[in-house]
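[1] For reference, the sequence and a predicted model appear below.
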Amino acid sequence: MVQLLVKEESKYWINIANSLSTELAATAVERDNQAGLPDVEIQRLRETGLLPLVVPKEYGGIGATWAEALKIVQKLSKADGSIGQLYGNHLNLTALAHVSGTPEQKERYYRETAEKNLFWANAINTRDTRLKITPDGEHFRVSGLKSFGTGVAIADLRVFSALQDGVELPLLFVIPKDRTGVASNQDWDNIGQRRTDSDTFTFHDVLVKKDDILGYPHPPDGAFSTFLGIIAQLTKTYIYLGIAEGALATAKQYTINQTKPWITSGVDSATQDPYILHHYGNLWTELQAAISLADKAAIQVQQAWEKEANLTLEERGEVAISVFAAKAFVTKVGLDITTGIFEVMGTRSTSTKYGFDRYWRDLRTFTLHDPVDYKLRDIGNWVLNAELPLITQYS
């Protein structure tokens, strides 16, 4: 009976995500052209009740597993890669204090997220070292610049990383939206993910209270302390998967309703053109394989997450290999699909009014942030040398 209730609840949230995905798809091209702040989209996420999805029930949340949550990321990404990214990042960040905070911070942020229906965003980006943090009595002050502040301008809680002189690792801190001294430079103008509003932020002597600093993972050298980095990798994988799925579904409708068969095909309908049928068969098969590989990794991630402090380094490494393999394959398939759809839709589909190029633009903008060549290298090193990949807290 309990298992049945859990399945029904999971189905309920999937249906909510499907409905929102349909709504977002109807305006996706228009919003992509507008770029700018995704304020309406985030408000809709808030209204649907999806924000506390991975917050455990004991803290007032929905208590979804990572496997369930990532399917919802996929559903939203199918309609709009920008919103899939914003929501996926939010889910990861709501669990940040679970691995990188004190027990008090874990409970505080889980409860606040659920009770106040809060939206999280970040500019952690440890490769950008321009943001500096200095002690100020028992608290801190932060000044400088931080890039890739995805969704930060409208987030209730904002996560940043900054460097302190004499400290090797960056400090992570969480500040509320109303903390003074943080300004968006509104400089996000990239070809894809245009509704993520991933601006650079300027900090002018911003107060960071001591309790805003997330404590180092406990134990700091444990396998679980870096596990959220692996989940972040799989979250990206499901965003890519959703974008690819959306591209193929949209292309299918266009082909059925508008594509003409090739003049020498010998058939009257594009849906009977052997060339087009071959390409759809190939793209669909690749997508099914990518979904299966990602879903297998998601189950492994959830099993490892439930072990928490009991997770071993070897187990973490094995899950990382599974996630890296899924991410590398989904990236390849996604790029194949988002470019290959034009082969089956035809010349007229390149009209800007359709916006079919947004799938490739969204995917390519995202994948360049984290080249899968390095993931394939790690997999190869494991295959040949039995060496598991090193994972950092900030992967």
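    Yep, it's here.
[2] How much space separates Asn282 from Leu248?
    Counting by Cβ to Cβ, to the nearest Å, the gap from Asn282 to Leu248 is 11 Å. Using the backbone N, CA and C atoms, a C-beta is placed for each residue, glycine as well.
[3] Looking at these two now, which is surrounded by more residues?
    Neighbours per residue (other Cβ atoms under 10 Å) separate Asn282 from Leu248, with Leu248 holding more: 21 against 14.
[4] Does the more buried one touch Val344 like I think?
    No: in this structure, Leu248 is not within contact of Val344 by Cβ atoms under 8 Å, at 9.4 Å.
[5] what's the overlap in contacts for these two?
    Common neighbours of Leu248 and Val344 (criterion: Cβ atoms under 8 Å, 6 or more residues apart in numbering): Leu283.
[6] Tell me which stretches of this protein form strands.
    In the chain, the strands defined using DSSP state E lie at 120-123, 132-136, 139-149, 157-162, 171-176, 182-184, 199-208.
[7] The closest residue in space to Glu286 that isn't next to it in sequence: neighbouring residues, count only.
    Distances taken as Cβ to Cβ, 6 or more residues apart in numbering put Val333 closest to Glu286, at 4.6 Å, once the chain neighbours are dropped. Residue neighbour count, defined by other Cβ under 10 Å, stands at 23 for Val333.
[8] ok, now which ones touch Val333?
    Here Val333 is in contact with 244, 286-287, 289-290 (Cβ under 8 Å, 6+ apart).
[9] Where do the helices of this protein begin and end?
    All helices of the chain, identified by DSSP state H, fall at 2-34, 39-48, 66-79, 81-94, 96-100, 103-116, 227-257, 274-305, 313-345, 357-367, 372-385.
[10] Name the surrounding residues that touch the shortest one.
    If I follow you right, that is helix 96-100. Contacts for helix 96-100 (Cβ under 8 Å, 6+ apart): 105-106, 108-110, 159, 172, 174, 214-217, 224-228, 393.
[11] Same question for the second one.
    Around helix 39-48, the neighbours that count as contacts under Cβ under 8 Å, 6+ apart are 16-17, 19-20, 23-24, 31, 51, 80, 82-83, 86-87, 90, 117, 119, 151, 154, 195.
[12] Can you flag the buried ones in those?
    Buried members of those, scored by 16 or more other Cβ atoms under 10 Å, are 16-17, 20, 24, 31, 51, 80, 82-83, 86-87, 90, 119, 151, 154, 195.
[13] Thr134 is in contact with Val167, isn't it?
    No: if you go by Cβ under 8 Å, Thr134 and Val167 don't touch, sitting 10.7 Å apart.
[14] Those two: who's more crowded?
    Using other Cβ under 10 Å as the criterion, Thr134 and Val167 rank with Thr134 on top: 13 against 10.
[15] if I pick the residue lying closest to the more buried one once chain neighbours are set aside, what's in contact with it?
    The shortest distance from Thr134 to any residue other than its chain neighbours is 5.5 Å, reached at Arg141 (Cβ to Cβ, 6+ apart). Taking Cβ under 8 Å, 6+ apart, we find Arg141 in contact with 133-134, 205-208.
[16] Adding distance to Ile379 and pLDDT, write these out as JSON lines.
    Output for these, formatted as JSON lines (distance: Cβ to Cβ, whole Å; pLDDT from 0 to 100):
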{"residue": "Ile133", "distance to Ile379": "36", "pLDDT": "97"}
{"residue": "Thr134", "distance to Ile379": "41", "pLDDT": "97"}
{"residue": "Asp205", "distance to Ile379": "45", "pLDDT": "97"}
{"residue": "Val206", "distance to Ile379": "41", "pLDDT": "98"}
{"residue": "Leu207", "distance to Ile379": "44", "pLDDT": "98"}
{"residue": "Val208", "distance to Ile379": "39", "pLDDT": "98"}
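[17] Sort out which of those are buried, if you could.
    Neighbour-count burial (16+ other Cβ under 10 Å) is assigned, among the contacts of Arg141, to 133, 206, 208.
[18] hmm, back to that, closest to Glu68 out of the buried ones among the contacts of helix 39-48?
    Distance ranking of the buried ones among the contacts of helix 39-48 against Glu68, using Cβ to Cβ, places Ala17 first at 10.2 Å.
[19] ok, that closest one touching Leu70?
    No: counting by Cβ under 8 Å, Ala17 stays clear of Leu70, with 11.2 Å between them.
[20] before we move on, back to that, His369 versus the residue nearest to Glu286, what's the distance?
    As for Val333, its distance to His369 is 18 Å (criterion: Cβ to Cβ).
[21] now Gly340
    When Gly340 is compared with His369 (using Cβ to Cβ), they lie 23 Å apart.
[22] Look at those two and report which has more neighbours.
    Counted by other Cβ under 10 Å, Gly340 and His369 do not tie: Gly340 has more neighbours, with 20 against 12.
[23] hang on, isn't that one packed against Leu283?
    Yes: if you go by Cβ under 8 Å, Gly340 and Leu283 touch, sitting 5.6 Å apart.
[24] sorry, back to before: select, out of the strands of the chain, the one closest to Pro38.
    strand 120-123 (10.2 Å).
[25] Show me how far that closest one is from its chain's centre.
    Taking the mean of its C-alpha atoms, strand 120-123 sits 12 Å from the chain's own mean (Cα atoms, centre = their mean, to the nearest Å).
[26] Please apply the same query to stretch 296-307.
    Distance, centroid of stretch 296-307 to centroid of chain: 17 Å (Cα atoms, centre = their mean).
[27] Give me the number of neighbouring residues for the closest residue to Leu335 other than its chain neighbours.
    Using Cβ to Cβ, 6+ apart and skipping residues adjacent in sequence, the residue nearest Leu335 is Leu363, 6.5 Å away. By other Cβ under 10 Å, 27 other residues sit near Leu363.
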